[in-house]
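Visitor: what shape does this take:
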Amino acid sequence: MRRVLTLLLLCPAAWAQDRWETSFLYGAFSAPAVVVAATPTQVAGGAARSIGWSWQWTSAFQFYATASGRLSWNLEVPLTFATTGAAAGLTRASNYFTPGVRLKIPAGNRFSFYGAAGGGWAEFGDKDAVMNGQLTATVDPSAAHPAADVGGGVDLRLSSFLSMRIDGRDYITPTGLGGTTGRNHVLFATGIVFHR
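Guide: Numbering: from 1, shown residues only. Model (predicted):
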């Protein structure tokens, strides 16, 4: 019995039946400079990047796999929530919804690599404004803006239904959204994946 369980855990062909997966990731988030309005003592653009934290929930469905199980294509729906610090003690909140595709490439019994790309929308909670000579955060009246994401990562299979994942993404938006001067919002996260 132990030999059968070991073979099932170590054999990639046994995992080829994975059709659905759900992941929960937590990690560091880096956004472009956040000061777009300048006071006499502040330079527009402020610091090069602001750092914060994010968590990501992703659900994916495998829609194609080669007969050998070496390559598989998945439809994925990532939902990312991020918070970053900003100049003058301001805090930025942003959400990203970018459904897309993922190409998974196994690299041994337990490891697999993947690349992903998608498109959808980004939502920012506030923007900068100068009021009475002070930099102030105000509500961003626009709800959603176009966004795309590209990235990749690696999975370490722990069992037939559980993996550890390291994921890197670049969420790309038009400049000037959410009080930012740039367009690249970078995420590095790690967490767990449930397979079924």
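Visitor: what's the burial count for residue 63?
Guide: 11 (other Cβ atoms under 10 Å). Just so you know, the C-beta spots here come from the backbone N, C-alpha and C atoms, and that holds for glycine as well.
Visitor: so it is in which element?
Guide: Element membership of residue 63 [criterion: DSSP states H and E] is strand 49-65.
Visitor: now the angle from the next helix or strand after that strand to strand 49-65?
Guide: For strand 49-65, the succeeding helix or strand toward the C-terminus, using DSSP H and E, is strand 72-85. Between strand 72-85 and strand 49-65, the angle comes out at 160 degrees (axes from the mean of the first three to the mean of the last three Cα atoms, to 10 degrees).
Visitor: now strand 72-85: average pLDDT?
Guide: Throughout strand 72-85, pLDDT has a mean value of 90.
Visitor: next up, the contacts around residue 101.
Guide: 73-76, 116-118 (Cβ atoms under 8 Å, 6 or more residues apart in numbering).
Visitor: and it, what element?
Guide: Going by DSSP H and E, residue 101 is in strand 100-106.
Visitor: got the angle for the strand holding residue 63 vs strand 100-106?
Guide: 70 degrees.
Visitor: who does strand 49-65 pair up with?
Guide: strand 20-32 (antiparallel), strand 72-85 (antiparallel) (DSSP bridges).
Visitor: rewinding a little: drop anything exposed from the contacts of residue 101.
Guide: For the contacts of residue 101, a burial check counting by 16 or more other Cβ atoms under 10 Å picks out 74, 76, 116-118.
Visitor: now distance to residue 84 too, for those residues, in CSV please.
Guide: Below are these laid out as CSV (distance: Cβ to Cβ, whole Å):
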residue, distance to residue 84
74, 29
76, 24
116, 22
117, 23
118, 21
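Visitor: before we move on, the earlier item: please identify the buried residues of the strand holding residue 101?
Guide: So, applying 16+ other Cβ under 10 Å, buried residues of strand 100-106: 100, 102, 104, 106.
Visitor: where does the chain have low pLDDT?
Guide: 1-18, 33-48, 69, 85-91, 126-143, 176-182 (pLDDT under 70).
Visitor: give the partner strands of the strand holding residue 101 in its sheet and their orientations.
Guide: strand 72-85 (antiparallel), strand 111-124 (antiparallel).
Visitor: what's the local residue count around residue 174?
Guide: By the other Cβ under 10 Å criterion, the neighbourhood of residue 174 contains 11 residues.
Visitor: wait, it sits on residue 144?
Guide: No - using Cβ atoms under 8 Å, residue 174 is not in contact with residue 144; the gap is 12.0 Å.
Visitor: circling back: can you list the strands paired with strand 100-106 in a markdown table and add distance to residue 154?
Guide: Converted to a markdown table, the strands paired with strand 100-106 look like this (distance: least, Cβ to Cβ, whole Å):
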| stretch | distance to residue 154 |
| --- | --- |
| strand 72-85 | 15 |
| strand 111-124 | 5 |
